[in-house]
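K.L.:
Give me a model of this one.
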Amino acid sequence: MSKWFDIVNKGNGEADEIYIYGAIVDEKWDETDPEVTPIEFQLKLQAVINKDVKIFINSPGGNVFAGLAIYHMLKRHPANKTCYVDGMCASISSVIAMACNKIVAPKTSLMLVHKPLIAGYVYGNAIDLRTFAEELDKVETVIVEAYTAKTGLTAEKIREVMEKDAYMTGEEAVSLGFADVLDDSKKFKASIDNDQITINNQSMSIKNYKGFPVDKFKNLFIQEAPEPEPEPKNDLEIYELEFANNLH
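P.N.:
Numbers count the residues shown, from 1 in each chain. Presented below is the predicted three-dimensional model:
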């Protein structure tokens, strides 16, 4: 993969590949940034030449409306779509995953599902704030529909999961229907440094998440270093060891 957001055309009958390794935004100022916009995604999707496409996601989420646009583009596309959770599939990026025919979640992966939020500075009177709340409810309805269509769960159950800010491991995602296949073989490198986490070379700030499960993250990704293997003995050491054993 050459970029954070890229498409790989196989051209030999194999599935094309689209990588979403960054936040979802409506626009960006620097083309070299790893964020993904709907316009960029549309261009990448138009370049798909095979009937099968693999979507690899390692994203902290981002702009809800940009993400919904990408979801609908992907949903409409006639290709057979398989999504691979390549570390973190959080917030609106988890909705994008729901557009795929099959979702593969490694054991060492996290998927975050939650109620839509207003980020940044909010200004207004009581009427304005009620309007904000009504708009959030409308957005939530659309998101719930995307989750129910994929998981088969009821809207009530989906809302219950969203209210808890559900950070699901691969196993939990499969058990609830947010993923179809659990991959035991794939393991990702991850680390945590103060408020910064890195999963599969993608850095994200814990401050952007409500109630981020640090302990679950450490148990899932951070493995104790194995005991170092002893240095191989040279011929002299082997001779001395055999001589010492023969004395007994």
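K.L.:
could you point out which element follows the longest strand along the chain?
P.N.:
Scanning the chain for the strand with the most residues, using DSSP state E, yields strand 80-90. Per DSSP states H and E, the first helix or strand lying C-terminal to strand 80-90 is helix 92-97.
K.L.:
Name the residues that touch that following helix?
P.N.:
20, 24, 55, 57, 59-64, 66-68, 70-71, 74, 83, 85, 89, 103, 111-113, 143, 146-147, 178-179 (C-beta atoms under 8 Å, 6 or more residues apart in numbering). Heads up, the C-betas are built off the backbone N, CA and C, glycines and all.
K.L.:
Dump that helix to CSV, keeping only the CA atoms.
P.N.:
Coordinates of each C-alpha in helix 92-97 appear next as CSV, following Å, rounded to 0.1, in the frame of the first residue of the first chain:
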residue,chain,number,x,y,z
ILE,A,92,-18.8,6.5,11.5
SER,A,93,-16.2,4.2,9.9
SER,A,94,-18.1,1.3,11.5
VAL,A,95,-21.2,2.4,9.6
ILE,A,96,-19.2,2.4,6.3
ALA,A,97,-18.2,-1.2,7.1
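K.L.:
so what's the spatially most central residue of the chain scoring on pLDDT?
P.N.:
Geometric centre of the chain, nearest residue: Cys89, 1.9 Å, by C-alpha atoms, centre = their mean. Cys89 carries a pLDDT score of 95 in this model.
K.L.:
Go ahead and confirm it touches Pro106.
P.N.:
No. Here Cys89 does not reach Pro106: they are 10.7 Å apart, not a contact under C-beta atoms under 8 Å.
K.L.:
which SSE is the closest residue to Met168 other than its chain neighbours in?
P.N.:
In space, and not counting its chain neighbours, Met168 is closest to Met111: 4.7 Å by C-beta to C-beta, 6 or more residues apart in numbering. Element membership for Met111 (DSSP H and E) is strand 110-113.
K.L.:
The closest residue to Glu27 other than its chain neighbours: neighbouring residues, count only.
P.N.:
Leaving out its chain neighbours, the residue that sits closest to Glu27 by C-beta to C-beta, 6+ apart is Thr37, at 5.9 Å. Counted with other C-beta atoms under 10 Å, the neighbours of Thr37 add up to 20.
K.L.:
Hmm, Thr37 is touching Ala69, no?
P.N.:
No. Counting by C-beta under 8 Å, Thr37 does not reach Ala69; the two are 9.1 Å apart.
K.L.:
list the contacts for Cys100?
P.N.:
55, 74, 81-83.
K.L.:
Whichever helix in the chain runs longest - what's its average pLDDT?
P.N.:
Assignment by DSSP state H gives helix 126-151 as the longest helix of the chain. The average pLDDT for helix 126-151 rounds to 93.
K.L.:
what helices or strands is that helix leaning on?
P.N.:
With contacts defined as 3 or more C-beta pairs under 8 Å, 6 or more residues apart in numbering; DSSP states H and E, the packing partners of helix 126-151 are helix 64-76, helix 92-97, helix 155-163.
K.L.:
the inter-axis angle of that helix versus helix 155-163?
P.N.:
Using axes from the mean of the first three to the mean of the last three C-alpha atoms, to 10 degrees, the inter-axis angle of helix 126-151 relative to helix 155-163 is 110 degrees.
K.L.:
Pull out the buried residues from helix 126-151.
P.N.:
139-140, 143-144, 146-148, 150-151 (16 or more other C-beta atoms under 10 Å).
K.L.:
Then stretch 148-161?
P.N.:
Applying 16+ other C-beta under 10 Å to stretch 148-161 flags 148, 150-151, 153, 157-159, 161 as buried.
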